[in-house]
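S.K.: no FASTA, just this:
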């Protein structure tokens, strides 16, 4: 997928933008003309088809398809247009576009959606343009429409969907029956949630943003549902490193992580903080594993604490840790700690004593479950990095429900608790109080392995300590984390990626971002 610095709009937001643009003096047919023109230019430039099948519905998506058909015909492409409704049943704007297309040449014919005729045309065409259903679809497909989707999906012909693949719910990412599995989706001016949310995202193929000539007056009041950052905006989020800086200038990170059998969590998290520029990193960990961690990361200081069977479960440890907690600019807490009741109680005591920024991950998130007062006390200074299971426990839901409502759940939690929430997964969704959501465009299945989240926690803590704002660290760390995985996958197998590989690639990646 092409990662652009772009906005995600829900269907209702784009309809409101269309209405505002018309109110500002740009007619609806001019908007549709610009959308179809830019889509046809992309098709001609990228695919150079000689023959094309265009499928049109009765609504605005169908109108876009007729504009595309007209411009392809004028460019010399043999077009075969099928409409799923009688022309007189199409909306008035689409009827206008039908007339402009038909007026080009007396030989033009629009076919009804007969599957035998359609199958023959599709198999002979260089590409199929899907304009059956747009972002307004909210019902299940009829049997006939589902059969059309299956016909396209069993063909080898390249399929291009206009705005969204037919059969997906634009705002939720759900499939409303069999959906067209597009090779390319040409999003009209903005991404829609379905371009990123699964299962619909799997039907979108390569999503490209296509220009629509919206007037500045129409765009003035648009507030996106979410933002998709790119490398340019991430580069601007990296903290400056003044030439007179010293280790005190770039912040102190306290990592509270690890237990017997989970030493790697502490190591990976600490190395992540060091790789993103933290000036000083101290690892507070059970005495039983201190020597192992110290040998693995000599660049960090270790604070060996009383333990109980290799866990931070001793009730006396908070007294030894208190001074370090209060000196720390950032505390990264949770990776590999374990979830026994004594350890979780110590986590809560550490969170209560902290006065700096907090990156709360993994087992430390479970310490917040059922402790609403503690959660409330973290407002404005905590970044939570749960996976869906951890977040589900926090909000008393299920992983399935969380995944089905990623955008809504993150937005609601972040707004209610005034906390930066980074919900990991595909895609990672970031909630920042008083701001649109951010959808992270980077990452792949190579990150689906134990330890990669520990690295992310460290990256976030290091950026915070060395000068990034919470807003910046919450967005930049997942982007950089995922970009390292994407770079690995360019030359190697995704399945071969280990969390330590992310750390090894970071120096070159950060250098490129700094440039």
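M.R.: Yes, it's here. Please read all numbers here as calculations on a predicted model, not as lab measurements.
S.K.: Run through who's touching the lowest-mean-pLDDT helix or strand in the chain.
M.R.: Least confident helix or strand, the chain: helix 216-219 with a mean of 90, by mean pLDDT, DSSP states H and E. Residues outside helix 216-219 that contact it (Cβ atoms under 8 Å, 6 or more residues apart in numbering): 17-18, 20-21, 23-26. (Each C-beta comes from the backbone N, C-alpha and C, glycine too.)
S.K.: at 7 Å what do you get?
M.R.: Outside helix 216-219, the residues that touch it by Cβ atoms under 7 Å, 6 or more residues apart in numbering are 17, 20-21, 24, 26.
S.K.: Which one of these is nearest to residue 78?
M.R.: Of all those, residue 78 sits closest to residue 26, with 32.6 Å by Cβ to Cβ.
S.K.: From residue 209, how far out is that closest one?
M.R.: 19 Å (Cβ to Cβ, to the nearest Å).
S.K.: Next: residue 156.
M.R.: Look at residue 156 and residue 209: by Cβ to Cβ, they are 26 Å apart.
S.K.: what are the ranges of the helices in the stretch 401-515 of the chain?
M.R.: Ranges of helices within the stretch 401-515 of the chain are 406-417, 452-465, 470-491, 499-514, based on DSSP state H, counting those that start in this stretch.
S.K.: should've said the stretch 51-200 of the chain
M.R.: Ranges of helices within the stretch 51-200 of the chain are 60-74, 92-102, 115-124, 143-153, based on DSSP H, counting those that start in this stretch.
S.K.: okay if I get the ones you listed as TSV plus distance to residue 474 and mean neighbour count?
M.R.: Output for these, formatted as TSV (distance: least, Cβ to Cβ, whole Å; neighbours: other Cβ atoms under 10 Å):
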stretch	distance to residue 474	mean neighbour count
helix 60-74	35	26
helix 92-102	42	18
helix 115-124	45	15
helix 143-153	38	17
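S.K.: would a markdown table of those helices with distance to residue 502 and mean pLDDT be doable?
M.R.: Below are the helices of the stretch 51-200 of the chain laid out as a markdown table (distance: least, Cβ to Cβ, whole Å; pLDDT from 0 to 100):
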| stretch | distance to residue 502 | mean pLDDT |
| --- | --- | --- |
| helix 60-74 | 41 | 97 |
| helix 92-102 | 49 | 96 |
| helix 115-124 | 43 | 96 |
| helix 143-153 | 35 | 94 |
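S.K.: Any idea which of these gets closest to residue 48?
M.R.: Going by Cβ to Cβ, the one of the helices of the stretch 51-200 of the chain nearest residue 48 is helix 60-74, 11.1 Å.
S.K.: which residues are in contact with that closest one?
M.R.: By Cβ under 7 Å, 6+ apart, the residues outside helix 60-74 that reach it are 32-33, 35-37, 39-40, 43, 52, 54-56, 79, 81, 83, 90, 93-94, 97-98, 100-101, 104, 129, 131-134, 162-163.
S.K.: from what I can see residue 303 touches residue 282, true?
M.R.: Yes - assessed by Cβ atoms under 7 Å, residue 303 is found in contact with residue 282 at 5.6 Å.
S.K.: joint contacts of those two?
M.R.: Overlap of the contact sets of residue 303 and residue 282 (by Cβ under 7 Å, 6+ apart) consists of residue 324.
S.K.: ok, residue 342 touching residue 313?
M.R.: Yes - counting by Cβ under 7 Å, residue 313 is a contact partner of residue 342 at 3.7 Å.
S.K.: Which one of the two is surrounded by more residues?
M.R.: The neighbour comparison of residue 342 against residue 313 (other Cβ atoms under 10 Å) goes to residue 313, with 21 against 14.
S.K.: show me what contacts that one?
M.R.: 307, 340, 342-343, 346.
S.K.: again, 6 Å this time
M.R.: 342-343 (Cβ atoms under 6 Å, 6 or more residues apart in numbering).
S.K.: could you point out where the stretch 151-300 of the chain is predicted with low confidence?
M.R.: By pLDDT under 70, the stretch 151-300 of the chain has no low-scoring segment.
S.K.: how about the strands in it?
M.R.: Along the stretch 151-300 of the chain, the segments classed as strands by DSSP state E, counting those that start in this stretch run 158-162, 184-188, 206-210, 226-228, 252-256, 280-286.
S.K.: how about those strands in a markdown table, adding distance to residue 492 and mean neighbour count?
M.R.: As requested, these are exported to a markdown table (distance: least, Cβ to Cβ, whole Å; neighbours: other Cβ under 10 Å):
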| stretch | distance to residue 492 | mean neighbour count |
| --- | --- | --- |
| strand 158-162 | 28 | 27 |
| strand 184-188 | 26 | 26 |
| strand 206-210 | 22 | 19 |
| strand 226-228 | 26 | 22 |
| strand 252-256 | 29 | 30 |
| strand 280-286 | 29 | 26 |
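S.K.: Ok, which of those comes nearest residue 355?
M.R.: Among these, strand 252-256 comes nearest to residue 355, with 11.7 Å by Cβ to Cβ.
S.K.: for that closest one, packing partners?
M.R.: Counting contacts by 3 or more Cβ pairs under 6 Å, 6 or more residues apart in numbering; DSSP states H and E, strand 252-256 packs against helix 263-275, strand 280-286, strand 330-333.
S.K.: From residue 333, how far out is residue 450?
M.R.: Distance from residue 450 to residue 333, by Cβ to Cβ: 18 Å.
S.K.: the more surrounded of the two?
M.R.: Shown here are residue 450 and residue 333; by other Cβ under 10 Å, residue 333 has more neighbours (27 against 13).
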